[in-house]
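*Asks:* 3D, please:
(2 chains)
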Amino acid sequence: MFIKEYISDIYHAVKSLLTGMKTTGGYFIRPGEIITQQYPENRADLNLSERFRGEVVMIHDENNEHACTGCTACELACPNATIKIITKFDVSPDGKKKKALDTFVYHLELCTMCNLCVEACPTDAIKMAQNFEHSVYDRSKLTKKLNQPGSKIREGVE
Amino acid sequence: MFSLEGLTNSLQQWLNAHFSSTWVLVIESLLVILLAITLFAILGLVLVLMERKVAAHMQIRLGPNRVGPMGMFQTTADTLKLIMKEGLTPDGADKFLFNLAPFVVMIVAMLLLAPIPFAQNFQIWDINIGVLFVSAVSSISVIGILMAGWASNNKYSLLGAMRSGAQIVSYELSAGLSIITIVVLTGSLQLSDIVSSQQNGWWIFKGHIPAFIAFVIFIIAVTAETNRAPFDMAEAESELTAGFHTEYSGMKFALFFLAEYINIFIVCAIGATLFLGGWMPLHIGNLEGFNHIMDYIPSSVWFFGKVFFLIFLIMWFRWTFPRLRIDQLLNLEWKYLLPISMLNLLLVTIMAIMGWHF
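*Replies:* As a prediction, the model looks like this:
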């Protein structure tokens, strides 16, 4: 019995090792499957994964309107104080005061791209963009204002 | 037709015509030294690049591709960087042994070059106990490694060196036994005899299945002897930082690195000589036309082709197999490889006595 087990051990070991060698050998003779991207050369047609997260941006439509109500859910969700929402009070024509977004401050230098702010947003006002070329010569340039100048909240978003 | 034999013969004649016999010997020795060092340097550069390229392609990557065309000068650039770096000696180290160790490892690799037949009649030293010389000298390299580990005055280095000692002493047995199977078939310890006995077919084909088993065991054992993954217990990057060469830097580190690759080349050259016919061209039975075409390929090309095939094989399984733990490593040797190779040797002996091989 022992001899039988011994031989079957060797047989299975050799078989599984050969299976592994077949896989790697297959990759070796099929260079077409190489997934390395030659970055600076292929800048024009980068092939990024759909889920790649580069930075937070605010979605603006063609009328320069966004969907941010200034509720600060993203600010509360952020684990390392990357987002700071500054709100103001808009006065509607009929004299009612309404809270609205003044400045969406985003500290890129603190952001870990964890996506929690995007998930927290009740109105889908922000999303993750794929841009990853963030290097600048001055740290202050990394502090960004996400809402475009002159933009306002879209009608009907509460 | 190009042949290294003609080159050496004409050089010998020219030297004999112009110098006295003593000077001929001195000049020839110097030339051999120069050639050996050149071969070492070139092999180091080529093999490191080959390893990185092969590894990359097996992991669906590209590998070095920025320095020079296809990244061909990457290793040259790395070597230049290592030469520029400081060769640091730690304060608590045994300075003499610490600085001696890389050279011991290197000199062992150089000594092993002597009996290898690179081409037809192109051999530094054709001693009649070539196989014994190789297996004896190759075990000196463990002294260099132990020396490095001890002299570094570092727990990781010492652990790595002790592991390497256990490993090399164990795996030498099965490497030796699989070499002996070929010696049994050939009846000679001289490497040139072993090559010429493969005139009508390589031993891996002539020796049936036992020769193939011996070949597989030889490849496994020499991989362990050269301390390469999956048997890299001496280096063990994941648990011992870099094992026996943790404290080495600059050119002294590069010598260890180079010695590893030279050792791969040498063990593959021995393997090619013993099992794959050395510089002998591939001959198939009585196919006269085919055999004639094969004879036109220079013997040095055959030799290096076979050696690089074996090196590729070793790289292939280095980048496929998972690493073994030290106890698994010794289990593999003492419970599997050694009994199998002993049984295999018995089979081969019976085969040689009865004349069952071709």
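*Asks:* going forward, measure contacts between C-alpha atoms and count neighbours the same way
*Replies:* OK.
*Asks:* and the closest residue to chain B within chain A, how many neighbours does it have?
*Replies:* Ranked by CA to the nearest CA, the top residue of chain A for proximity to chain B is residue A:34, at 4.5 Å. By other CA atoms under 10 Å in any protein chain shown, the residues close to residue A:34 number 16.
*Asks:* check residue B:83 too.
*Replies:* Residue B:83, neighbours per other CA under 10 Å, totals 15.
*Asks:* ok, residues contacting the helix or strand hosting residue B:289?
*Replies:* For residue B:289, the element it lies in under DSSP states H and E is helix B:288-295. Defining contact as CA atoms under 8 Å, 6 or more residues apart in numbering or on different chains, one finds that helix B:288-295 is touched by B:281-284.
*Asks:* circling back to that earlier point, for residue A:50, see how far away the residue of chain A closest to chain B is.
*Replies:* 19 Å (CA to CA, to the nearest Å).
*Asks:* same question, residue B:66
*Replies:* Counting by CA to CA - residue B:66 and residue A:50 are separated by 28 Å.
*Asks:* most proximal residue of the stretch 1-150 of chain B with respect to chain A?
*Replies:* For the stretch 1-150 of chain B, CA to the nearest CA, closest residue to chain A: residue B:60, 4.5 Å.
*Asks:* skipping adjacent residues, who's closest to that residue in space?
*Replies:* residue A:34 (4.5 Å; CA to CA, 6 or more residues apart in numbering or on different chains).
*Asks:* so the one you found makes contact with residue B:58?
*Replies:* No - under the criterion of CA atoms under 8 Å, residue A:34 is not in contact with residue B:58, lying 9.3 Å apart.
*Asks:* run a quick neighbour tally on residue B:241.
*Replies:* Count around residue B:241 with other CA under 10 Å applied: 15.
*Asks:* and it, how far from residue B:154?
*Replies:* Taking CA to CA, one finds residue B:241 at 11 Å from residue B:154.
*Asks:* residue farthest from the centroid of chain A?
*Replies:* residue A:1 (58.5 Å; CA atoms, centre = their mean).
*Asks:* and the pLDDT for it?
*Replies:* pLDDT, residue A:1: 72.
*Asks:* how about the one 5 residues further on?
*Replies:* Here the pLDDT value assigned to residue A:6 is 85.
*Asks:* check which helix or strand covers it.
*Replies:* helix A:2-29.
*Asks:* chain center to that helix: distance?
*Replies:* Remark: helix A:2-29 is offset 42 Å from the chain centroid, using CA atoms, centre = their mean, to the nearest Å.
*Asks:* tell me which other helices or strands the helix or strand that comes right after it touches.
*Replies:* Sequence-wise, the next helix or strand downstream of helix A:2-29 (DSSP H and E) is strand A:55-58. For strand A:55-58, the contact count by 3 or more CA pairs under 8 Å, 6 or more residues apart in numbering or on different chains; DSSP states H and E identifies strand A:126-129 as packing neighbours.
*Asks:* among residue B:66 and residue A:50, which residue is more densely surrounded?
*Replies:* Neighbour count, other CA under 10 Å: between residue B:66 and residue A:50, residue B:66 has more, with 11 against 8.
*Asks:* chain neighbours aside, what residue packs nearest to the more buried one?
*Replies:* residue B:74 (7.7 Å).
*Asks:* does the one you found touch residue B:53 like I think?
*Replies:* No - Residue B:74 is beyond contact range of residue B:53, at 10.9 Å (criterion: CA under 8 Å).
*Asks:* pull out the buried positions in the longest helix along chain B.
*Replies:* Looking across chain B with DSSP state H, the single longest helix is helix B:21-58. Neighbour counts over helix B:21-58 (16 or more other CA atoms under 10 Å in any protein chain shown) mark B:24, B:28, B:36, B:40, B:43-58 as buried.
*Asks:* just the CA trace of the helix or strand just after it, in CSV.
*Replies:* Sequence-wise, the next helix or strand downstream of helix B:21-58 (DSSP H and E) is helix B:74-84. The C-alpha trace of helix B:74-84 is given here as CSV (Å, rounded to 0.1, in the frame of the first residue of the first chain):
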residue,chain,number,x,y,z
GLN,B,74,20.0,47.1,-19.5
THR,B,75,22.4,44.7,-17.8
THR,B,76,25.4,46.7,-19.0
ALA,B,77,24.0,49.7,-17.4
ASP,B,78,23.3,47.8,-14.2
THR,B,79,26.8,46.5,-14.1
LEU,B,80,28.2,50.1,-14.5
LYS,B,81,26.0,51.2,-11.7
LEU,B,82,27.3,48.4,-9.4
ILE,B,83,30.9,49.2,-10.3
MET,B,84,30.3,52.8,-9.2
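*Asks:* looking only at pLDDT, what's the mean for whatever helix or strand comes next after helix B:74-84?
*Replies:* Once the chain leaves helix B:74-84, the next helix or strand it forms, by DSSP H and E, is helix B:95-112. In this model, helix B:95-112 has a mean pLDDT of 86.
*Asks:* which SSE is immediately downstream of helix B:95-112?
*Replies:* Next element after helix B:95-112 (DSSP H and E): helix B:130-138.
*Asks:* phi, psi of residue B:172?
*Replies:* Per-residue torsions, residue B:172: phi -60, psi -30 (degrees, to the nearest 10).
*Asks:* does residue B:344 really touch residue B:213, like I thought?
*Replies:* Yes - here residue B:344 reaches residue B:213: they are 7.4 Å apart, a contact under CA under 8 Å.
*Asks:* still on that earlier bit, overlap of the contact sets of residue B:74 and residue B:53?
*Replies:* Joint contacts of residue B:74 and residue B:53 (CA under 8 Å, 6+ apart) are residue B:64.
*Asks:* check residue B:307 and give its pLDDT.
*Replies:* pLDDT, residue B:307: 90.
*Asks:* test my guess that it contacts residue B:275.
*Replies:* No - at 11.1 Å, residue B:307 does not count as touching residue B:275 under the criterion of CA under 8 Å.
*Asks:* in the helix or strand containing residue B:304, what counts as buried?
*Replies:* Residue B:304 belongs to helix B:299-318 when assigned by DSSP H and E. With burial defined by 16+ other CA under 10 Å, the residues of helix B:299-318 counted as buried are B:299-300, B:302-304, B:306-308, B:310-312, B:314-318.
*Asks:* so where's chain B shaky on pLDDT?
*Replies:* B:1-2, B:234, B:236, B:285, B:357-358 (pLDDT under 70).
*Asks:* for it, which residues are neighbours of chain A?
*Replies:* Neighbours of chain A within chain B, by CA under 8 Å from any CA of the partner chain: B:54, B:57-62, B:316-317, B:319-321.
*Asks:* and those residues, which two are the farthest apart?
*Replies:* B:62 and B:321 (20.4 Å; CA to CA).
*Asks:* quick one, which of these two is more surrounded?
*Replies:* residue B:62 (21 against 17).
*Asks:* and the residue of the stretch 201-350 of chain B closest to chain A?
*Replies:* For the stretch 201-350 of chain B, CA to the nearest CA, closest residue to chain A: residue B:320, 6.0 Å.
*Asks:* quick check: that residue touching residue A:24?
*Replies:* Yes - using CA under 8 Å, residue B:320 makes contact with residue A:24 at a distance of 6.5 Å.
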